[in-house]
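Chemist: here is my input, please return the structure:
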Amino acid sequence: MTLSARRIAIAAGVTALLLLAHAGALNNSFHYDDIHSVVDNPHLRSLADPAAFFTYSTTFSARPERAMFRPLVVLSYALTYALAGLTPWAHLLVNVLTHLAAAGCVYVLSRLLRLPATAAAAAALVFALHPANTEVVNYVSSRSESLAGVGVLVALCAYLRWRSGEAKGSTVLLLVSLFAFALALLSKATAIALPAMLLVVELCRLGSTVARRRWLGVSAFAVVGLGYALIVAGFAQTAMGSPVRPLLHQGWTQLKAAAFYLRLLAMPVSLSVEHDFSVATSLADPVVLFCGAMLISGVVVGWRVAGIRSRVLVGGALFSLLPASLVPLNVLVNEHRLYVASALLAVAIFAVLGSRLPRSGGLVLGAGLLIILSLLSHQRSQVWEDEHLLWGDAVRTSPHAYRAHLHFGGAQEQRGEIVAALDSYRRAAALAPKVAETHYNVGNALRLTNRMPQARKAWERSLQLDHNFIDALLNLAAFHQGAGDWEKVWSLLGRAEAARPNFAEVWRRKGLARKVNGDLAGAKRDYLRALELDPSRSETQFNLANLYFEEGQMSAAAGHYELALQHNPAHHGAATNLGLLHIDAGNGAAAEKIARNMLRLDALRHTAGQSKLFYVLARALDAQGKTAEALINYRVFLRTPQAARTSGTDEIRQRVQQLEAGLRQ
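Modeler: Now for the predicted structure:
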C-alpha cells in the first residue's frame, strides 16, 4: 500500500468509526439553551444581513439578556436553518461533522509532532470517541466549543509548521494560523488561551527555530487576543465585576475541578449534563489541599521526566482550561470544557506510549479500548434524546445538584406533568434554599395547580432572597391583580420599574394592568414603550394585537400577530388568533399553513402544545372543502380537555354531525 493510500485508509477508518459511534445523535432533539438560541431565535430566519451577526451580540438569542458575542456560531445556525429549517438532525449533523474535523486536526497535529501514523490515528480516535466529548456532539449549543476547538487546533498546527521553517510560503502559514485563531475567538472566548499555549511551545523550545521568528509569532497572537479582549470588554467586565462567587473561592474550587476532570478522562463513567460539585470556600479544605498537592506534584514530576512534546501538550491542555477556571460561572464543572484539553492529552498519551507498546499487543489493546469508548459514547447519545431523559439522567447521577432537579422539573412541566414538576422544584429548593429561582419555580408550579395562596408565599420567599427578583415582582403583581388589590399591584409594578426601568416586560405588565382597568389608551402607550425597548418581544406584539382586535382594527391586529410569530414562531396564541382572522377573511389556506407549522414545532419541542390549534386547522380545512381531514381535526379537538372550556363547543359538535352526514350521502 502506498503512503497516500494508507493515509486515505486511515482517514476513512477514523471517519467511519466516529460516524458509527455518534450516529445516535441524529435522532435527538433540541435542548435547554437551544430553545432560545436556535428554535425561538428570530435573528436566524434570514441571511439578508449576515454582518449583523458580527456587530450585534443580541443576535445570539431570542432573549436580549442572554446576548453573547459568538458570531461564527450564530452564522452556522443561520446557514443550517436556511438549508433545513428547524430539523434537529440537520443541526446535530453539523455538530458531528465539526467534531470529525476536530479529530482530523488531532491526527495532523500528531503527525507534525512526529508520531507514527498508527499512533496518530489512535490519538484521533480516542479523542473522537471519548464519552466526555459526546456533549459537544449531542448538544447543538455546544457547537461553540467544537468550532472554537477546530480553530485552536488548526491555528496550532499551522503555527508549528510555520515555526519549523520547513515549508515554502511560511508567511502564509502564519497568516492562516492567525486567521484560524480569530475564527476560534469568534466562536467562543475560551480560545483566548491560545497565545499562552504557544508560549509554552516556545519556552519548551519544541524543535528548532530562529529566536526572532519564535517571539514574533507569539507577539502576533498576543496582539490578536488583545484586540478581541477590547471588543468584548463589556462582557468580561460584567462577568468579573459582579461574580457569582468570590474569586478566591473560584480558585479553590477549580483546584478540585482539575482532579475531577482527570478522573473524568481516565474513567468516563457517571457522565452528566450537571455534576454534583460543591464550591470550596477555603484553601484549608482537605480535598482542596490534596488536589492542589497532587496537581503541583504531577506538574513538577511530569516536567522533569516527560519529553518536550509531552510538556508542550500537557501545558497546553492546562492553559486551555484556564479561561473557564478563572471566570466565576454558574456551572462549576462541565464536560464540554475538556474539549481542547482532551485532544492535546490524547496526543500526549500516544506520544509516550506509541513506540513502547508491543505491536501485536498494542493493536489488541487499542482495538479493545476503542470498542469500549464507542459503546459508551453510543450509550451516552441515547440519554440526549429529549429533555426529560437528559435531566432525569442528571437527577439519577447527581442527586444533590439542585440545578438537575430544577431543569428536570422544567422538562416535566413541559410534558404537562405539573405535580411531578412541583416535587422536583421542591427538591431543588430543599437543596438550594438560598437560591431565589428555586422558590420562584415552586410558585409557578403551585400556580399551575391552582394553589394561588401557596404560590404567593413561594414568590414572596424568592423576593426575600433577592429583593429585585423581577419575575417574582411581576408574578406577585399579577396575583394581586387577580385578587383586585390594585394598591398592591401598582406598588409591585413600581418596585419592578425602579429595579429595571428599561426592562420591556415591566411596561408590558403595566399595559396589561391598565387594560384591565379599561384604560386602553394608557395600555397602548405602555405596550408601545415596551416595544420601543424590545421590539422582538413576541408577547408584547400579541397583547397589542389583541388590543387592536378589540378596537375592531383587524388589519393592525393581523400585522402584530404576524410580528409576534416572526419573533417567536412557537407562540400559540398569535398563531391561533391569526389563523382565525385568516379564516374569517376567507383565506383558509393561510390558516392551514400556520396551524400545521405550529403543530410541527410542538413536536420538535416535545411539548403538548395547545389543543385549540386542532380547532383552527379543522376550520381552515373545512373552509377549503377538505371535509375528511377537517372531521379528523374537529374530533381530535373535541377529545381534549380544552374543548370543555371553549365556548361554542355545541356548535362544533353540530358541525361535525353535518359533515358526517354529508360524507354519508
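Chemist: and stretch 412-419, what's buried?
Modeler: Of the residues in stretch 412-419, those buried under the neighbour-count criterion (16 or more other Cβ atoms under 10 Å) are 412-415, 417-418. For glycine as for every other residue, the C-beta is placed from the backbone atoms N, C-alpha and C.
Chemist: over to stretch 30-46?
Modeler: Counting neighbours by 16+ other Cβ under 10 Å, the buried set in stretch 30-46 is 30-44.
Chemist: coming back round to it: so which of the buried residues of stretch 412-419 is the closest to Ser177?
Modeler: Taking Cβ to Cβ as the measure, Ser177 lies nearest Gln414 of the buried residues of stretch 412-419, at 44.7 Å.
Chemist: the closest one contacts Glu387, correct?
Modeler: Yes. Checked against Cβ atoms under 8 Å, the pair Gln414 and Glu387 is within contact range at 6.7 Å.
Chemist: what residues are up against the nearest residue to Arg596 once chain neighbours are set aside?
Modeler: Across the structure, with Cβ to Cβ, 6 or more residues apart in numbering as the measure, the residue nearest Arg596 apart from its sequence neighbours is Leu617 (6.7 Å). Under the criterion of Cβ atoms under 8 Å, 6 or more residues apart in numbering, the contact list for Leu617 reads 579, 591-592, 595-596, 599, 633.
Chemist: ok, now which ones touch Leu448?
Modeler: If a contact means Cβ under 8 Å, 6+ apart, then Leu448 has 413, 418 as its contacts.
Chemist: how far away is it from Pro641?
Modeler: The spacing between Leu448 and Pro641, counted by Cβ to Cβ, to the nearest Å, is 14 Å.
Chemist: do Val137 as well
Modeler: Using Cβ to Cβ, one obtains 39 Å as the distance from Val137 to Pro641.
Chemist: more crowded one of those two?
Modeler: Comparing Val137 with Pro641 by neighbour count (other Cβ atoms under 10 Å), the higher total belongs to Val137, at 29 against 7.
Chemist: please save the CA atoms from the helix or strand containing that one in CSV.
Modeler: Per DSSP states H and E, Val137 falls inside helix 134-138. The C-alpha atoms that make up helix 134-138 are tabulated as CSV, following Å, rounded to 0.1, in the frame of the first residue of the first chain:
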residue,chain,number,x,y,z
THR,A,134,-20.4,13.4,23.5
GLU,A,135,-22.0,16.6,24.9
VAL,A,136,-20.3,18.6,22.1
VAL,A,137,-21.9,16.2,19.5
ASN,A,138,-25.4,15.9,21.0
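Chemist: pull the distance from it to the chain's centre.
Modeler: How far helix 134-138 lies from its chain's middle: 11 Å, per Cα atoms, centre = their mean, to the nearest Å.
Chemist: report the rounded mean pLDDT for that helix.
Modeler: Average pLDDT, helix 134-138: 95.
Chemist: now do that helix: everything it contacts.
Modeler: With Cβ under 8 Å, 6+ apart as the contact definition, helix 134-138 has outside contacts at 22, 25, 28, 92, 95-96, 99, 142-143, 145-146, 149, 271, 273, 334-336, 339, 377, 380-381, 384.
Chemist: any idea which helix or strand comes after that helix?
Modeler: With DSSP H and E, the next secondary element past helix 134-138 is helix 143-164.
Chemist: quick one: list the elements packing against the helix or strand following that following helix.
Modeler: The first helix or strand that comes after helix 143-164 along the chain, using DSSP H and E, is helix 170-185. Other helices and strands packing on helix 170-185, by 3 or more Cβ pairs under 8 Å, 6 or more residues apart in numbering; DSSP states H and E, are helix 143-164, helix 211-231.
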